[in-house]
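Enquirer: next one to model:
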Amino acid sequence: MDGQINLFNEAEHEVAQETKETPEEISVKSHKRKSKTTLEEKLKGIPVEEVPIVLQDEEQFCPECGTKLEVIGKEFIRHELEYIPAQVKVKKYYSVHYACPACKEEDIPVIIKAPKEQALIKHSLASSTAVAWTMYQKYANGLPLYRQEKDWKQYGIELTRNTLAHWVIYCAMHYFKPMYDYFHRKLLQRKFIMADETRIQVLNEKDRKAETDSFMWLYRSGEDGLEKIILYEYSQTRSGEHAATFLKGFQGYLACDGYQGYNKVPDIKRCCCWAHVRRYMIDAVPKGHQYDYSNPAVQGVEFCNRLFQYEDSFKKKGYSHEKIKEMRLQKEKPILEAFWSWIENQHPVRNSRMDKAVQYVVNRRPYLETYLEDGRCSFSNNLSENAIRPFTVGRKNWLFSDSTAGAEASAIVYSMVEIAKANNLNIYKYLEYLLRKRPSEEMSDLELENLAPWNKETMEQCSQ
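Expert: So this is what the prediction gives:
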């Protein structure tokens, strides 16, 4: 079969072939080791305090004549990173009252009270800084509330995990939910979306056992070069109806894994993930046969690797979306045609790992070529998997959610955390910024847009 001999001989042979292309298509850059980050770059943005090392008063006299010494300069010695432990303090708010002295003399008392600022949570010690820190510790650092409870005690204040959970749920539903809904509306207007899902355990779900699996879905904007939007959604089951409901109104390309539930989403063009194809092929490779190019599974891996090599090279060269589409059709489509021909000639042992890999590919063939239609289509679903990974890592620490309200709040807060991270904001600062600004359902989309991570003022307030 054309192209197969070269593909399976050696990966180096293929790389050599690529370097023979015309100069306007391929340029080989000399290898240059990435320079190490300088100390000045590492310390950029951190406040600096100069600490002069001086002589004691009695030592500041000339040993020869006894004259008082004068400072003539200084010599730099070293840097030190000082840790300043967190501190807590209580703020007492008072409304100041005013009276008109002139009217008082006329026996016409005029008293004006300064307007009372609404508390973040009524009858609570909660502040924007305290709640933001609690959220940051749990959803960005994976620190469970029971361990935060101990931290607060070290600071000198006893706050139970129930109190902290109430703070998180209340603020997520009252202040973050309007932003979440706004981001959702913006996401549905896009033409490229990526999706993934993972398990979550929720203890107190109505009419369900505590050990029953629920699911956390991840939806994010695609590789279209626009603002990055990342949203989580909790659901009790993995039914594709949840994806169809969440993405109602979306018309475009949806990049996802091979889960058939996504077929329930109407009016979309589905793009399946080639990283999953490669994983299935890798799993089918017998132990110790990774370099046996006569093995069918190894051949399947090599097909995938060749496609990934081209995708990586297109990104490194900074090709436009139009150029990527052109190069995909020129370079990758012939490999795909050879791959499909190769797949048709595979007859693995039934129920073997290779059989599962082949069936996975055959059942998803229509979706594995969709990415050729537009250079903005994602070749793999790795971006959404990377976005859902913080949740799976955090889940290992806090294990489960107590209630559906907690799971829903977690989905919303995780969304704010990951959107801030994706848009290069300081996560804690953005959470505190939103709690200080208090988005509400009464705000217009223009007002909510002013609180988005890509807004100029927001970026200035919440930069790293």
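
Enquirer: secondary structure element holding the residue most central in space within the chain?
Expert: Computing the C-alpha centroid of the chain and ranking residues by CA atoms, centre = their mean puts residue 418 first, at 3.7 Å. Taking DSSP states H and E as the definition, one finds residue 418 inside helix 404-422.

Enquirer: helices or strands up against that helix?
Expert: helix 161-171, helix 177-188, strand 192-204, strand 213-221, strand 230-235, helix 382-398, helix 427-437 (3 or more CB pairs under 8 Å, 6 or more residues apart in numbering; DSSP states H and E). Where you see a C-beta, it was placed from the backbone N, CA and C, and this is true even at glycine.

Enquirer: what residue in this protein is the furthest from its centre?
Expert: Of all residues in the chain (CA atoms, centre = their mean), residue 65 lies farthest out, 68.0 Å.

Enquirer: these two touch, right, residue 407 and residue 201?
Expert: No. When contacts are counted by CB atoms under 8 Å, residue 407 is not listed as touching residue 201 (9.3 Å).

Enquirer: of the two, who's got more company?
Expert: The neighbour comparison of residue 407 against residue 201 (other CB atoms under 10 Å) goes to residue 407, with 25 against 15.

Enquirer: going by residue numbers, what spans are helices in the stretch 51-200 of the chain?
Expert: Ranges of helices in the stretch 51-200 of the chain, per DSSP state H, counting those that start in this stretch, are 101-105, 128-135, 145-155, 161-171, 177-188.

Enquirer: and these, which one is worst for confidence?
Expert: Mean pLDDT is lowest for helix 101-105 among those, at a mean of 82.

Enquirer: which residues are in contact with that one?
Expert: With CB atoms under 8 Å, 6 or more residues apart in numbering as the test, helix 101-105 has contacts from 109-110.

Enquirer: list the buried ones in it?
Expert: Using 16 or more other CB atoms under 10 Å as the test for burial, helix 101-105 gives no buried residues.

Enquirer: low pLDDT regions in the stretch 351-464 of the chain?
Expert: By pLDDT under 70, the weakly predicted segments of the stretch 351-464 of the chain are 394-402.

Enquirer: now do the SS call for the nearest residue to residue 274 once chain neighbours are set aside.
Expert: Among residues not flanking residue 274 along the chain, residue 380 sits closest, at 5.2 Å (CB to CB, 6 or more residues apart in numbering). Following DSSP: H, G, I helix; E, B strand; the rest coil, the label given to residue 380 is coil.

Enquirer: same check on residue 357?
Expert: Assignment for residue 357 (three-state DSSP): helix.

Enquirer: quick one: it from residue 110, how far?
Expert: Relative to residue 110, residue 357 is positioned 83 Å away (CB to CB, to the nearest Å).

Enquirer: looking at those two, which is more packed in?
Expert: Between residue 357 and residue 110, residue 357 has the larger neighbour count (other CB under 10 Å), namely 26 against 12.

Enquirer: show the pLDDT at the residue nearest to the more buried one when sequence neighbours are not counted.
Expert: The shortest distance from residue 357 to any non-neighbouring residue, by CB to CB, 6+ apart, is to residue 280 (3.8 Å). Here, the pLDDT recorded for residue 280 equals 94.

Enquirer: quick one: residue 280 is in a strand?
Expert: No. Remark: residue 280 does not belong to a strand; assigned using three-state DSSP, it is helix.
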